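Novice: Take this sequence and fold it.
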Amino acid sequence: MSSYTTLDTADGPFTLVRDSDGAVLASGWTTDLGDLVPLVHSSIRPSTVEEGDGGAAAEAVRAYYGGDLGAIDAVPVRQRSGEFLEHAWEVLRAVPAGVPVTYTEYATKAGRPVAVRAAASACARNAAALFVPCHRVLRLDGSLGGFRWGLPVKKSLLARESA
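Specialist: Okay, the predicted model is just below:
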């Protein structure tokens, strides 16, 4: 049985959807499950989601907002797509807090230096915000680029991580 929980954070309400084994399927700064569940790949999308306590994932979010920026790193995440996107999401999880990369650097780290658009697509299709830190990817000129949950949230996360 999949579950969800919503936490109050400095950046607004943060909801996470977990599989029965605790892996995060989707997360973001919203209270609306309708914003999250459709982001989960159809092959692993839960048919029902019940309210829960959030388990270790919720504790990691609380720790992250409490200053332990690495707390989210050990939380398991489950996302499905093509081979490159799945690999790119794993690569993104290795980008350390406080050390953002450009889309070009991200594409290179993912093993496809010329696939900058594919790297950007990995960020855009990321269902597990914060746990797969797409907010740590910037445009070549250092500007923020896009972020599903809004540029003020992205800016806040980057400021928190650079402090």
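Novice: which residue lies farthest from the center of this structure?
Specialist: Within the chain, Val114 marks the point farthest from the mean C-alpha position, 23.5 Å out by Cα atoms, centre = their mean.
Novice: check contacts around it.
Specialist: By Cβ atoms under 8 Å, 6 or more residues apart in numbering, the residues touching Val114 are Ala107. Where C-beta positions appear, they are placed from N, C-alpha and C, glycine not excepted.
Novice: Check the secondary structure at it for me.
Specialist: coil (DSSP: H, G, I helix; E, B strand; the rest coil).
Novice: From the centroid of this structure, which residue is nearest?
Specialist: Centroid-nearest residue in the chain, with Cα atoms, centre = their mean: Ala129, separated by 2.0 Å.
Novice: For that one, which residues are in contact?
Specialist: The neighbours of Ala129, taking Cβ under 8 Å, 6+ apart as the test, are 27-29, 135, 148-149.
Novice: cool, Pro113 as well?
Specialist: 104, 107.
Novice: Tell me where the chain is predicted with low confidence.
Specialist: In the predicted model of the chain, no residue satisfies pLDDT under 70.
Novice: And it, what are its domain boundaries?
Specialist: In the domain annotation for the chain, the residue ranges read 2-74, 83-162 (automatic domain parsing).
Novice: From the chain's centre, how far out is the longest one? Work that out for me.
Specialist: So that's domain 83-162. Here domain 83-162 is found 9 Å from its chain centre; the criterion is Cα atoms, centre = their mean, to the nearest Å.
Novice: same question, the first one
Specialist: On the basis of Cα atoms, centre = their mean, domain 2-74 sits 10 Å off its chain's mean C-alpha point.
Novice: Ala23 reaches Arg78, doesn't it?
Specialist: Yes: using Cβ atoms under 8 Å, Ala23 is in contact with Arg78, at 4.1 Å.
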